[in-house]
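Colleague: Build the 3D model from these lines:
(one chain, ligands or ions: 1)
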Amino acid sequence: MRLRGSFAPPGDKSISHRVALLSLLAKGKCAVSNYSDAQDCMDSVRAVKLLGGSASFTGVKLNLVGSNRHLIKHADIDCQNSGTTMRLLMGILAGSKGQYVLTGDDSLMKRPMERIAKPLVEMGAQICCEERGFPPVTVNGGSLVGIDYVMPVASAQLKSAILLAGVQADGVTRVTEEVKSRDHTELMLKQFGVDILSENGSWVVKKSDIELPEFFNIPGDPSSAAFIICAAAMLPKSDLVAQGILLNVTRSKFLDKLTSMGADINIEFQGDSPEPWGAVRCVYSQRLSACEVTAGELPQLIDEIPILALLATQSEGVSVFHQIGELRIKESDRVAALVSELGKMGARLEIKDEDLVIYGPTTLKLARNLQSFGDHRIAMTLAIACMVADTPINIENIDCIAVSFPNFLTTLGELSQ
Ligand code: S3P
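Modeller: Below is the predicted model:
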């Protein structure tokens, strides 16, 4: 099986969430093109509407009308599987006088929310989580004051929640991150007229009006494209191009890793609005070598670790992914899922303290009962593993892929020759 041709993944999921949710705080009207059709992003659109916002589709174009902070005063919002929806909403609702209850599906109801609640409470919001720090999250929002916050963990969702509260808070809010995570919220706030600047590794934001641009075009999601790009690197005679991909440096590190592993990657920048984007070509490489991901690199590769782990099983030598504890609290425990499911196919993965160690190359073989654990990125990784093993794709709850990339299997089918 080889992959040839070109494809365009859905619009970037992180940027899609942000533009929809920011409309709750912003003024003006915006026509958004290439909004992601991922279930997660539709959950953000639904949340906007439940809060009284205006978000409607004309064909594939999303029309937003800013609510300018005039939100419905009481709402129960089911964020389904979407951690980004819940966490960014916490920051937005922290500054809104009203009472809001946020819940999710079985997976989201077991994910940590206390880390977001803590700084928002410091800013003046009343926020309660269930006793282990899980949802339901009850937000009683109100007047906020700025804080000076040093991030205890590299998380773009945490950073974004604080900045979204900060833009509504009196005084100055400063967020300092030791390790840089994706910066879409900061860039978008700046583009939408907010008083925000970067100062020696900190983001400093002041209370501001937010103005939606008339038009906003979302580049393709590199984290979704990564599965197909990595597949091309592993499947003999493949040669494909991912079109219109977001190339923000806080998101494109997996391409550097692939290149350092010996993959044949060519990047062509084609534009820089609203963020850099372009085309990525990947041609099959006969020889891939092991990789090392340091703790400092992890935040910029966080969503690509599952597919990089699969790539490591096909690469010569010992790959080490350092301190990957954050991966245990994603939509599933991704470390355990990779070890058990790729292990069933014959791969050799080991957990050593906080590190994931992979011995390659190994020949993957047919396995029965492959489990996705309802996690879209595990399901896509296993689907590509089945293609590498040249076996039928047979994975329990494979439909969860729609959380981020509804057309994934169709796209693979179209590229397969
Ligand atoms: C995201 C941030 C990351 C990432 C998630 C999307 C975002 O989560 O894994 O898929 O859009 O801000 P963390 O902030 O928990 O690292």
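Colleague: tell me which parts of the stretch 301-417 of the chain are close to the ligand?
Modeller: Contacts of the stretch 301-417 of the chain with the ligand, taken as CB under 6 Å from any ligand atom, map to 302, 303. The way it works is simple: take the backbone N, C-alpha and C, and place the C-beta from them, glycine included.
Colleague: The residue in the stretch 1-150 of the chain positioned nearest to the ligand: neighbour count?
Modeller: Nearest residue of the stretch 1-150 of the chain to the ligand (CB to the nearest ligand atom) works out as residue 14 at 3.3 Å. By the criterion of other CB atoms under 10 Å, residue 14 has 27 neighbours.
Colleague: Need the nearest residue in space to it, chain neighbours excluded.
Modeller: residue 184 (5.2 Å; CB to CB, 6 or more residues apart in numbering).
Colleague: One more: residue 85?
Modeller: Nearest non-adjacent residue to residue 85 (CB to CB, 6+ apart): residue 79, at 4.3 Å.
Colleague: thinking the one you found is in contact with residue 43, fair?
Modeller: Yes: Residue 79 is in contact with residue 43 according to CB atoms under 8 Å; the separation is 5.7 Å.
Colleague: which neighbours do those two share?
Modeller: Residues touching both residue 79 and residue 43 (CB atoms under 8 Å, 6 or more residues apart in numbering) are residue 85.
Colleague: Spell out which parts of this protein neighbour the ligand.
Modeller: So the chain meets the ligand at 14, 84, 155, 156, 157, 158, 160, 182, 302, 303 (CB under 6 Å from any ligand atom).
Colleague: and the gap between the third one and residue 245?
Modeller: By that I understand residue 155. As judged by CB to CB, to the nearest Å, residue 155 and residue 245 stand 23 Å apart.
Colleague: now the fifth one
Modeller: When distances are taken as CB to CB, residue 157 and residue 245 turn out to be 22 Å apart.
Colleague: Buried residues, the helix or strand where residue 76 lies. List them.
Modeller: Per DSSP states H and E, residue 76 falls inside strand 74-78. For strand 74-78, a neighbour-count test (16 or more other CB atoms under 10 Å) marks 75, 77, 78 as buried.
Colleague: same question, stretch 74-92
Modeller: Buried-residue list, stretch 74-92, by 16+ other CB under 10 Å: 75, 77-92.
Colleague: Same check on stretch 109-125?
Modeller: Neighbour-count burial for stretch 109-125, counted by 16+ other CB under 10 Å, picks out 110-117, 119-120, 123-125.
Colleague: cool, and stretch 325-335?
Modeller: Per 16+ other CB under 10 Å, stretch 325-335 contains these buried residues: 326, 327, 330, 331, 332, 333, 334, 335.
Colleague: how much space between residue 106 and residue 52?
Modeller: Following CB to CB, the distance that separates residue 106 from residue 52 is 28 Å.
Colleague: Which of these two has more residues huddled nearby?
Modeller: residue 52 (13 against 8).
Colleague: burial measure for residue 41, as a count.
Modeller: Residues near residue 41, counting by other CB under 10 Å, number 29.
Colleague: Which residue comes closest to residue 169 once chain neighbours are left out?
Modeller: The nearest residue in space to residue 169 (CB to CB, 6+ apart) is residue 144, at 3.8 Å.
Colleague: That neighbour contacts residue 164, correct?
Modeller: No: look at residue 144 against residue 164 with CB under 8 Å: they stay out of range, at 10.5 Å.
Colleague: and the two? which has more neighbours close in?
Modeller: Ranked by neighbour count (other CB under 10 Å), residue 144 and residue 164 place residue 164 first, with 30 against 23.
Colleague: The residue lying closest to that one once chain neighbours are set aside and residue 117: what is the separation?
Modeller: Excluding the flanking residues, the one nearest residue 164 by CB to CB, 6+ apart is residue 91, at 3.5 Å. For residue 91, the distance to residue 117 equals 10 Å [CB to CB].
Colleague: same deal with residue 281?
Modeller: In terms of CB to CB, residue 281 sits 44 Å off from residue 117.
Colleague: Strands of the stretch 251-400 of the chain, start to end?
Modeller: Assigned by DSSP state E, counting those that start in this stretch, the strands in the stretch 251-400 of the chain fall at 264-271, 277-283, 292-293, 317-321, 348-352, 355-360, 370-371, 395-396.
Colleague: Give me the angle between the fifth one and strand 355-360.
Modeller: By that I understand strand 348-352. 160 degrees (axes from the mean of the first three to the mean of the last three CA atoms, to 10 degrees).
Colleague: residue ranges of the helices in the stretch 301-417 of the chain, please?
Modeller: 305-313, 334-344, 376-389, 408-415 (DSSP state H, counting those that start in this stretch).
Colleague: Please pick the buried ones from the residues of the chain next to the ligand.
Modeller: 14, 84, 155, 156, 157, 158, 160, 182, 302, 303.
Colleague: Residues contacting stretch 335-343, please?
Modeller: In contact with stretch 335-343 (CB under 8 Å, 6+ apart) are residues 306, 309-310, 313, 324, 327-328, 349-351, 356, 364, 367, 370-373, 375, 378, 381-382, 385.
Colleague: For the stretch 51-200 of the chain, just list every one of the helices.
Modeller: Counting by DSSP H, counting those that start in this stretch, the helices of the stretch 51-200 of the chain are 83-93, 114-122, 156-166, 184-191.
Colleague: Residue 219: which of those helices is closest?
Modeller: helix 184-191 (10.7 Å; CB to CB).
Colleague: Now that closest one: buried residues?
Modeller: Those would be 184, 185, 186, 187, 188, 189, 190, for helix 184-191 by 16+ other CB under 10 Å.
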